[in-house]
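# Show me the folded form of this:
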Amino acid sequence: MELRELNKNETDLLKDFLYEAIFIPEGAEAPERSIISRPELKIYYEDFGTGRADYCIVADDNCRMIGAVWTRIMNDYGHVDDETPSFAISLYKEYRGQGIGTQLMKAMLKLLKEKGFERASLAVQKGNYAFRMYEKAGFRIVDENDEEFIMVCDL
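Residues are numbered from 1 along each chain as shown. Okay, the predicted model is just below:
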């Protein structure tokens, strides 16, 4: 497996990974795939590559993309200000729990720092097991609502 930047002709993969990133609590049914067409979710992939903080690193396992982490400055759930890129990260289920997500996060944090960003943000649902991974990567809670923690990592 190698980590590499997403090629311009691969941006449609972000739709698949966005759907995979949707947290589904134990016992809940997965939403219809069409959910990613909602305006509040389209901002994660629409016109990707045109913004100053549009970066994506994929985990490529013998030419199969098994995971991705991407950032944008957008008014999403993890938005803290117009200078801080928001994170999205996703792995196919069978690849979770193997440290690949941690590798992706570290690679993206390093890239953002190299690009001159001072911090990154994300939102995570309170019941999501990935919360611990974000803490270990250096994210800390800066705000919360009934369902989510808003987290920031200083670079």
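# Which parts of this structure are strands?
Here the chain has its strands, by DSSP state E, at 2-5, 55-61, 64-72, 86-91, 119-125, 140-144, 148-154.
# Nearest to residue 27, out of the ones you listed?
Nearest of the strands of the chain to residue 27, taken as Cβ to Cβ: strand 119-125 at 14.5 Å. C-beta here means a position set from N, CA and C on the backbone, and glycine is covered the same way.
# so what does the closest one touch, helix or strand wise?
In terms of contacts (3 or more Cβ pairs under 8 Å, 6 or more residues apart in numbering; DSSP states H and E), strand 119-125 is packed against strand 86-91, helix 100-114, helix 131-136, strand 148-154.
# Kindly recompute the last result at 7 Å.
Other helices and strands packing on strand 119-125, by 3 or more Cβ pairs under 7 Å, 6 or more residues apart in numbering; DSSP states H and E, are strand 86-91, helix 131-136, strand 148-154.
# Give me the contact list for it.
Under the contact criterion Cβ atoms under 7 Å, 6 or more residues apart in numbering, strand 119-125 has outside partners 23, 71, 77-80, 84-87, 109, 112, 130-131, 134, 139, 147-155.
# same question for that strand, mean pLDDT?
What strand 119-125 shows for mean pLDDT is 95.
# same question, stretch 58-67
94.
# Straight-line length of that stretch, end to end?
End-to-end distance for stretch 58-67, by Cα to Cα, to the nearest Å: 6 Å.
# What of stretch 31-42?
One end of stretch 31-42 to the other measures 15 Å (Cα to Cα).
# buried sites along it?
36, 41 (16 or more other Cβ atoms under 10 Å).
# What of stretch 107-115?
Buried positions in stretch 107-115, judged by neighbour count with 16+ other Cβ under 10 Å: 107, 108, 109, 111, 112.
# what about the strands of the chain, which gets the closest to residue 31?
Within these, the stretch nearest residue 31 is strand 119-125; the backing value is 13.5 Å (Cβ to Cβ).
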